[in-house]
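Participant: Please find the sequence and the predicted model below.
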Amino acid sequence: MSKSPGSPPTGGPRLGADTMDLLRFATVGSVDDGKSTLIGRLLFDTRQLFDDQLDAITVASERRGLGEVDLSFVTDGLRAEREQGITIDVAYRYAATPHRKFVIADCPGHLQYTSNMATGASTADLVLVLVDATSGLREQSRRHICIAALLGVDQLVVCANKMDLVDWDTSAYQHIVDEMETLARRLGLASCTVIPISALHGDNVVERSDAAPWYDGPTVLDALESAQAGGWASQHGLRQGNGGRLPVQWVLRQPGGGRSYAGMVNGGPFRTGDPVIVLPQGQYSTVRSIETADGPLPRAEVGLSVSLQLNDDIDISRGDLISSLEEQPTVTDEFEATLCWFHDRPLRAGDRLKLKHTTRVTPVIVERIEGIFDVNELEVSEAPELVENDIGVVRLRTAMPLALDSYSVDRITGSFVLIDELTIATVAAGMVGPPRLHG
Amino acid sequence: MTKMVIFQRGPMDSAATLRSTSSRPIAGPSAGRPGQPDASVTALVRPVGHPLGHLDLLESLAVFIIREVAAESERPVLLFSGGKDSAVLLHLAAKAFKPGGIPFPVLHVDTGHNFPEVLAYRDAQVDAEGARLLVAKVQDSIDQGRVADPGPIASRNRLQTTTLLDAINANSFDAAFGGARRDEDKARAKERVLSFRDSFGQWDPKRQRPELWQLYQGSVRPGEHLRAFPLSDWTELDIWQYIRREQIVLPAIYYAHSRRVIQRDGMLLAESQWVTPQGIEVVEEATVRYRTVGDATLTGAVRSEAATADDIIRELATSRISERGATRGDDRFSETAMEDRKREGYF
Ligand SMILES: Nc1nc2c(ncn2[C@@H]2O[C@H](COP(=O)(O)OP(=O)(O)OP(=O)(O)O)[C@@H](O)[C@H]2O)c(=O)[nH]1
Ligand SMILES: [Mg+2]
């Protein structure tokens, strides 16, 4: 081993308090732009790697005759990934600083694995976009940024990576800043930071680099520590104070003969006494009690799994949705949606599939392909079909009515997946409404 | 100084209602709202936290996953080894259906190489939760000639896969809950919460289902099954913090105790009928605890004085060795030992 990544700094914290906030982030960007190397570097420099894990990647690098420890092996853990030097599927890693817990999804960059990238980004509060400074934004970088923005991730940290290969030339950095400025404004992102880094050598990742005296913004770690956390878990990133929603998962029998309806709260909290409506049937009641395994609660926060007892005896089963009376979702069997299509067979008007929305599965027909979304022009243009990895706008009709919110309002009641009837594979990620990139 | 783009916008304005979307003409994203969002160069601000702590969120999501899989599968089962992760899983399954009982049986794949405390614990715990216990024995698979007998003292870790898959087939289970966590191993780090297994029980890491948001899509065809991992996003530290909070009872071997051990391959193995000193090895009396519990022939103890969950949480903060690195001989055979076993259908 001619060179190791340097000795890890000492004193990095791993122990967190019993309550910490949680930032979920995903790496995105084109293939080979340095996503996995950055995560390896970030974990190494914050001392989150165990000695045996570091030993194992050192040995694995040696075995492959690599001159130095390949930090991408921290997340590229599959045999095929190490053989080919690319990421195939998302790796999840966990890290913590004193008050914040991080869930990291290191996504693949290759076009072929776009569905895996969408998997990793769908629950992210923030995406780290890696861009190779020697080439600038590629079409695949734009695709990933668009998908992340469509998925409702509105905090971007863009890493202008491999700055060592351009001798830390400010113009390479500035070029990416200019491109991102236009893109971020058009996508309506809440925040976008561009940081010049070298993931390979660790410049501006955890340690500030001497190589770029002209840059005085945050390091990657600074940006992660100061970003808005908990957006996915709380839905706050999309809309504050939407009405409460509880998609019913399971009916529990309470002692004394009553029933309670189990599910996770989203949209807004429920309180005892709240007037509610059960959808799609449209029956009214009020919340009698909020039950948990640890006893009743006066109020159920967004993100909590509870069960609701109502004051009226209504026929409610799995797939129904209990909503607050204020700010109800729309009940409909026909709607427009934005799709990320993952199947190698094209999607055309007239196609029949299954759709899973919250806890309900229903047959669905594609009424119309409205168009495909061009990631370079950021425009929808007419098209007869969607092919693999297209982002498209479609009109759908379901066999059963659904209680829907627009995705831009609620990531839970505004999202669905499509299931191929024959292979039962998940073939599309769907967002209710047209591509709304401007909040 | 070169400018960097940092701009920030306030909370999202209220979005259009759904109804209006259907009448909207096809247009690019700029049709969503006229004009540009206000941009300014400011520092990122520290946000307000979520009212729920990370343990609440982890618990809530695990309960959600358990309910979802229980509702969508025909014959689910919960895999229970008697280790700390299965203890947490069983506890969560009980919480998910209170005041009712757990609506599926619990399956122990028994290697026959057990720590006696763990078997007693298993029976007591499953009983306390009112669940039905099924035991599938590796010894039976050996006796029936399903697997070759590796001899009395060899590890039976890998043989468990056949026993497990046979039990899944025999009972027509279409979903099996497991306590695996993604922070345990680099192959587990790649696995979905709902992990699809073909009719041979195999995992294909190159063809995993997309798994978006919290839409867990668990349909399978006859003969296929799912593995469901509600603890996917939990770390070893989360597990211990949760055990402390919920006062979950564990087998005593998880806490510091005095034990006769043999040092082998950098691990401390308990002296037992299967593990006896070979060659120059010596037996020593040491104060140890276990970080994981598996086949007794290759699960190592660690030297530790930590006698309570509090002590363990403190100890984890300074530990430089990962959970499996410290304790599992089965991961040392090759670089991709876990991936290879998982492909065959292992937990
Ligand atoms: N010179 C230089 N090379 C880098 C830097 N960061 C990454 N690389 C190299 O770029 C190659 C690709 O890095 P990865 O981290 O695997 O890229 P990736 O974005 O994860 O790739 P995929 O996951 O397959 O999309 C490797 O050879 C890295 O060593 C950097 O800052 N400078
Ligand atoms: Mg990668």
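Facilitator: Nice, I can see it. From a predicted model like this one, the values you see are computed outputs, not experimental measurements. Ligands and ions are numbered 1, 2, ... in the order given.
Participant: Next, count neighbours for residue B:159.
Facilitator: The tally of other residues near residue B:159 (other CB atoms under 10 Å in any protein chain shown) stands at 23. Placement of C-beta: from N, CA and C, glycine included.
Participant: what's the answer for residue A:295, then?
Facilitator: Residue A:295 has 7 nearby residues by other CB under 10 Å.
Participant: Also residue A:24?
Facilitator: Residues lying near residue A:24 (other CB under 10 Å) number 23.
Participant: hey, what's it bridged with?
Facilitator: Taking DSSP bridges as the rule, residue A:24 bridges to residue A:103.
Participant: That one and residue B:288, how far apart?
Facilitator: Relative to residue B:288, residue A:24 is positioned 36 Å away (CB to CB, to the nearest Å).
Participant: Can you pull the domain assignment for chain B?
Facilitator: With automatic domain parsing as the criterion, the domains of chain B are listed as B:54-236, B:249-331.
Participant: I meant to write chain A there.
Facilitator: Residue ranges for the domains of chain A, per automatic domain parsing: A:22-230, A:236-324, A:330-432.
Participant: Now do the second one: distance to the chain's middle.
Facilitator: What that stands for is domain A:236-324. 26 Å (CA atoms, centre = their mean, to the nearest Å).
Participant: same thing with stretch A:390-406?
Facilitator: Here the centre of stretch A:390-406 is set off from its chain's centre by 20 Å, with CA atoms, centre = their mean.
Participant: give me every residue that touches the closest residue to ligand 2 within chain B.
Facilitator: Closest approach between chain B and ligand 2, counting by CB to the ion: residue B:190, at 11.8 Å. If a contact means CB atoms under 8 Å, 6 or more residues apart in numbering or on different chains, then residue B:190 has A:77-78, A:89-92, B:205, B:208 as its contacts.
Participant: What pLDDT does the model give it?
Facilitator: Confidence at residue B:190, expressed as pLDDT, is 94.
Participant: how close does it sit to residue B:238?
Facilitator: 19 Å.
Participant: residue ranges of the helices in the stretch 101-250 of chain A, please?
Facilitator: A:114-121, A:139-150, A:170-187, A:220-226, A:231-234 (DSSP state H, counting those that start in this stretch).
Participant: Give me the neighbour count for residue B:263.
Facilitator: Residues lying near residue B:263 (other CB under 10 Å) number 15.
Participant: nearest spatial neighbour of it, skipping sequence neighbours?
Facilitator: Once flanking residues are discounted, residue B:263 sits nearest to residue B:281: 6.9 Å by CB to CB, 6 or more residues apart in numbering or on different chains.
Participant: again with residue A:360
Facilitator: residue A:319 (3.7 Å).
Participant: Run through the residues of the stretch 201-347 of chain B sitting next to chain A.
Facilitator: By the rule CB under 8 Å from any CB of the partner chain, the part of the stretch 201-347 of chain B lying against chain A is B:205-206, B:208-215, B:217, B:219-221, B:232-233, B:235, B:237, B:241, B:245, B:313-314, B:316-317, B:319-322, B:325-326, B:335-336, B:339.
Participant: Can you select the buried ones among those residues for me in PyMOL?
Facilitator: The PyMOL selection below is limited to those of those classed as buried (16 or more other CB atoms under 10 Å in any protein chain shown):
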select buried, chain B and resi 205+208+209+210+211+212+213+214+215+217+219+220+232+233+235+237+241+313+316+319+321+322+325+326+335+336+339
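Participant: re earlier: just the domains of chain B: most buried one?
Facilitator: For the domains of chain B, the largest average neighbour count (mean count of other CB atoms under 10 Å in any protein chain shown) is found in domain B:54-236, namely a mean of 20.
Participant: right, and residue A:115 touches residue B:207 too?
Facilitator: No: with contact defined as CB atoms under 8 Å, residue A:115 does not count as touching residue B:207 (10.6 Å).
Participant: Overlap of the contact sets of these two?
Facilitator: By CB under 8 Å, 6+ apart, no residue touches both residue A:115 and residue B:207.
Participant: Contacts only, for the residue of the stretch 51-200 of chain A found nearest chain B.
Facilitator: Distances between the stretch 51-200 of chain A and chain B by CB to the nearest CB are smallest at residue A:77, namely 2.6 Å. Contact partners of residue A:77, counting by CB under 8 Å, 6+ apart, are A:91, B:185-187, B:189-190, B:339.
Participant: Assign it to helix, strand or coil.
Facilitator: coil (DSSP: H, G, I helix; E, B strand; the rest coil).
Participant: For it, give me the pLDDT.
Facilitator: Value for residue A:77, per-residue pLDDT: 88.
Participant: That one - nearest residue in space that isn't next to it in sequence?
Facilitator: Per CB to CB, 6+ apart, closest to residue A:77 is residue B:186, 2.6 Å.
Participant: And residue B:271, by the same measure?
Facilitator: In this structure, residue B:271 finds its nearest non-sequential neighbour in residue B:260, 4.3 Å apart by CB to CB, 6+ apart.
Participant: Now the host helix or strand of residue B:67: average pLDDT?
Facilitator: According to DSSP states H and E, residue B:67 maps onto helix B:54-72. Helix B:54-72 shows an average pLDDT of 94 in the prediction.
Participant: Check stretch A:414-432 too.
Facilitator: Mean pLDDT, computed over stretch A:414-432, is 95.
Participant: Ends of that stretch, what's the gap?
Facilitator: Taking CA to CA, to the nearest Å as the measure, stretch A:414-432 stretches 5 Å from start to finish.
Participant: Are it and chain B in contact anywhere?
Facilitator: Yes: using CB under 8 Å from any CB, stretch A:414-432 reaches chain B at A:415-417, A:419, A:424-426, A:429, A:432.
Participant: Now for residue 287: which residues touch it?
Facilitator: Just going to use chain A. Contact analysis of residue A:287 by CB under 8 Å, 6+ apart lists A:270-274, A:276, A:308-311.
Participant: think we crossed wires, I meant chain B
Facilitator: Neighbours of residue B:287 in contact, by CB under 8 Å, 6+ apart: B:256-259, B:303-305.
Participant: hmm, try it at 7 Å
Facilitator: Residues near residue B:287 by CB atoms under 7 Å, 6 or more residues apart in numbering or on different chains: B:256, B:258, B:303, B:305.
Participant: Please determine how far the second one is located from residue B:304.
Facilitator: Using CB to CB, residue B:258 is found at 12 Å from residue B:304.
Participant: next one: residue B:314
Facilitator: 11 Å.
Participant: Ok, residue B:238 next?
Facilitator: Distance from residue B:238 to residue B:304, by CB to CB: 19 Å.
Participant: Equivalent analysis for residue B:156, please.
Facilitator: 26 Å.
Participant: just residue B:231 next, same as before
Facilitator: 23 Å.
Participant: Could I get the pLDDT score of residue 221?
Facilitator: You didn't pick a chain, so chain A it is. Looking at residue A:221, its pLDDT reads 95.
Participant: My question was about chain B, not that one.
Facilitator: For residue B:221, pLDDT reads 89.
Participant: That one contacts residue A:424, correct?
Facilitator: Yes: counting by CB atoms under 7 Å, residue B:221 does reach residue A:424; the two are 6.4 Å apart.
Participant: then stretch B:312-324 to PDB, C-alphas only?
Facilitator: Listed next in PDB are the C-alpha coordinates belonging to stretch B:312-324 (Å, rounded to 0.1, in the frame of the first residue of the first chain):
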ATOM      1  CA  ILE B 312     -23.100  -0.700  27.100                       C
ATOM      2  CA  ILE B 313     -24.200   2.600  25.500                       C
ATOM      3  CA  ARG B 314     -21.200   4.300  27.000                       C
ATOM      4  CA  GLU B 315     -18.900   1.500  25.800                       C
ATOM      5  CA  LEU B 316     -20.200   1.600  22.300                       C
ATOM      6  CA  ALA B 317     -19.200   5.200  22.100                       C
ATOM      7  CA  THR B 318     -15.600   4.300  22.300                       C
ATOM      8  CA  SER B 319     -15.600   1.000  20.500                       C
ATOM      9  CA  ARG B 320     -13.300   0.800  17.500                       C
ATOM     10  CA  ILE B 321     -14.500  -2.600  16.300                       C
ATOM     11  CA  SER B 322     -17.800  -3.200  14.600                       C
ATOM     12  CA  GLU B 323     -20.400  -5.600  16.000                       C
ATOM     13  CA  ARG B 324     -19.800  -8.400  13.600                       C
END
